[in-house]
Every structure is written in structure tokens, then in C-alpha cells.
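J.: Show me how the following folds:
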Amino acid sequence: MEEQVDQILDRLMSTPKNIGCLLANNQGLCIGVRGSASDKSAGIIVAISEQAAKLDPNCNAPVVSLDVGDKQCIIHKNGITGAIFKEV
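T.: The predicted structure is shown next:
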């Protein structure tokens with residue numbers, strides 16, 4: 001499984017303007033991280049995803065976009081939770 005995680009993270013980082021990415025399990029533990037993303041943010045990223053899902057329980061997992069200045073963090077849960085950090 002570690003090899004699959006590494007391949008996913010490497011593919012995400014190969015996209016232009018992506019400056020970091022993170023994958024976390026349902027307990028908020030970091031599975032893998034690359035670039036400017038921090039493994040210390042895994043728990044809060046999972047919590048944000050879970051709280052956003054409560055806005056509409058009948059909807060599939062939402063995509064959360066956080067914008068700060070010239071940077072963006074996109075969070076989505078599909079089994080595991082992923083976050084992509086981008087320069088806008």
C-alpha cells in the first residue's frame with residue numbers, strides 16, 4: 001500500500017502549481033505527505049472534511065476549498081481524506 005500512496009502523492013506533485021499534498025485516514029493520521037504540506041495538519045484536515053459533510057448529510061462528500069492570499073487548499077474525502085495545496 002505504501003507504494004500506491006507514494007505514486008499518488010508523486011502524481012499530485014507533478015501537476016503545475018501544486019506545492020503540497022497530504023493523505024490522511026479516518027482517524028486523522030497522516031498516511032503520506034509531500035511538498036509544503038505538514039503531517040501535523042492531517043487531523044484538522046479530516047475534521048474540516050467531516051464538519052463540511054454535516055452541512056448536507058444527503059450529499060456525497062463535499063469538496064472544501066480554502067483560499068488564503070495566493071494559496072489554496074482543496075480538501076476531499078473518498079475513503080481517505082486528501083488535501084492539495086496550490087498556488088493560485
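
J.: Give me the three-state assignment for Pro57.
T.: Here Pro57 is recorded as coil under DSSP: H, G, I helix; E, B strand; the rest coil.

J.: and it, how far is that from Glu50?
T.: Distance of Pro57 to Glu50, given as Cβ to Cβ, to the nearest Å: 11 Å. The way it works is simple: take the backbone N, C-alpha and C, and place the C-beta from them, glycine included.

J.: These two: which is more packed in?
T.: Glu50 (14 against 6; other Cβ atoms under 10 Å).

J.: Where do the helices of this structure begin and end?
T.: Assigned helices in the chain, in chain order: 2-13, 42-53 (criterion: DSSP state H).

J.: For Asn60, the count of nearby residues, please.
T.: Using other Cβ under 10 Å, Asn60 has 10 other residues around it.

J.: Relative to Asn78, how far out is it?
T.: From Asn60 to Asn78 the distance is 9 Å (Cβ to Cβ).

J.: what's the most buried one of the helices of the chain?
T.: Greatest average neighbour count among the helices of the chain goes to helix 42-53 (a mean of 17), per mean count of other Cβ atoms under 10 Å.

J.: Now do it: which elements does it pack against?
T.: Secondary-structure packing of helix 42-53 (3 or more Cβ pairs under 8 Å, 6 or more residues apart in numbering; DSSP states H and E): strand 18-24, strand 63-68, strand 71-78, strand 80-87.

J.: Find me the pLDDT at Pro62, would you?
T.: In this prediction, Pro62 carries a pLDDT score of 93.

J.: Now Val64: closest residue in space, sequence neighbours ignored.
T.: Ile75 (4.2 Å; Cβ to Cβ, 6 or more residues apart in numbering).

J.: Alright, calling it a day.
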